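> got a predicted structure here, sequence first:
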Amino acid sequence: MTLVGVGVGCGLTAAGAAAGGADLLACYSTAIYRAKGLPSALAFLPYDDPNELVRQVLPEVVAAARDLPVFAGVGAHDPRRQPDRLVGQMGELGATGVTNEPFVGIYDGDLRAQLEAAGLGYQKELDLARAAVKQGAMVLGWAWTPQEAAAMAATGASHVGLMLGITAGGRMGSEAALSDEQSHDLLAQMNAAVRRENPSAVTLIHGGPLHSVESVAAALAASEADGYMGGSSLERVPVIDAMATTVQEFKNINLKEEQ
């Protein structure tokens, strides 16, 4: 069976994921926003402290997770926060490990260049991973390019996420920036980079056009990655669709026929 991780933003969806047989859970700011019915992209605008959001929700996710490992999303770029202390704080709340979310990879062009020049780039996420590994915590480290995948694998991260961007399709989804063929090629390159650097790391694919069983199955076959990490495709879309269907079934009760 395929290894499946689920990004969850509340205890209710964590319980559902655990009941469905998920192998691991992650709690991070974008998931918390979508659990509130808001666009995941809101996490990449400066309205809340992502670390504080996770600290508020993490205990209920851990409580609902049964014995599953839970990765806490850590915003590593704030120069006022030390990575080792952030890892320790999440561990005190029950997290098994950390993941580098929010991530600078969501930005490109001039903004990305400005962030990197200010010392707020991907190196901060690598520093977080190394700090967590040093403390004996698990790490789900997201990478956006083969070069980043190799660098993240070199930190000793237990899991490396191969990222294609915000998930396309579904309610509040985005448009996929890459075609299926381009996505498969990029995932294969990233997976190979991880394998060369750290063969023991577990690789998980996520995002872009990967929003259905068929699209994920094809991408796993093409990339030879170990599994799939779902966000909106496993949390927002199933919850909204199931609730909408159930409410409609109750709405369709004909009281006159029932009497």
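Looks like it came in fine.

> packing partners for the longest helix out of those in the chain?
Ordering each helix of the chain by length in residues (DSSP state H) puts helix 180-197 first. Here helix 180-197 touches helix 146-154, strand 159-163, strand 202-206, helix 213-223, going by 3 or more Cβ pairs under 8 Å, 6 or more residues apart in numbering; DSSP states H and E. Any C-beta I mention is one placed from the backbone N, CA and C, and that applies to glycine too.

> now do the longest one: distance to the chain's middle.
On the basis of Cα atoms, centre = their mean, to the nearest Å, the separation between the geometric centre of helix 213-223 and that of its chain is 18 Å.

> which elements pack onto that helix?
helix 180-197, strand 202-206, strand 227-230.

> export those to JSON lines and tack on distance to residue 39?
Formatted as JSON lines, the helices and strands packed on helix 213-223 follow (distance: least, Cβ to Cβ, whole Å):
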{"stretch": "helix 180-197", "distance to residue 39": "22"}
{"stretch": "strand 202-206", "distance to residue 39": "17"}
{"stretch": "strand 227-230", "distance to residue 39": "17"}
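
> so which of those comes closest to residue 146?
Shortest separation from residue 146 across those is recorded for helix 180-197, at 4.2 Å, computed as Cβ to Cβ.

> now residue 155. Nearest residue, chain neighbours left out?
residue 129 (4.0 Å; Cβ to Cβ, 6 or more residues apart in numbering).

> three-state assignment of the one you found?
helix (DSSP: H, G, I helix; E, B strand; the rest coil).

> show me the contacts for it.
With contact set as Cβ atoms under 8 Å, 6 or more residues apart in numbering, residue 129 has these partners: 98, 100, 139, 141, 152, 155-157.

> please redo it, this time with the cut-off set to 6 Å
Taking Cβ atoms under 6 Å, 6 or more residues apart in numbering, we find residue 129 in contact with 139, 141, 155, 157.

> run a quick neighbour tally on the third one.
It stands for residue 155. 22 (other Cβ atoms under 10 Å).

> ok, now the first one?
If you count neighbours by other Cβ under 10 Å, residue 139 ends up with 26.

> next one: it from residue 111, what distance?
26 Å (Cβ to Cβ, to the nearest Å).

> show the low-confidence segments of the stretch 51-200 of the chain, by residue range.
Residue ranges of the stretch 51-200 of the chain with pLDDT under 70: 169-176.

> do a quick rundown of the helices in it.
83-92, 109-117, 122-134, 146-154, 180-197 (DSSP state H, counting those that start in this stretch).

> tell me how far residue 127 lies from residue 117.
Taken as Cβ to Cβ, the span from residue 127 to residue 117 is 17 Å.

> okay, the two: which has more neighbours?
Using other Cβ under 10 Å, the more surrounded residue of residue 127 and residue 117 is residue 127, with 17 against 9.
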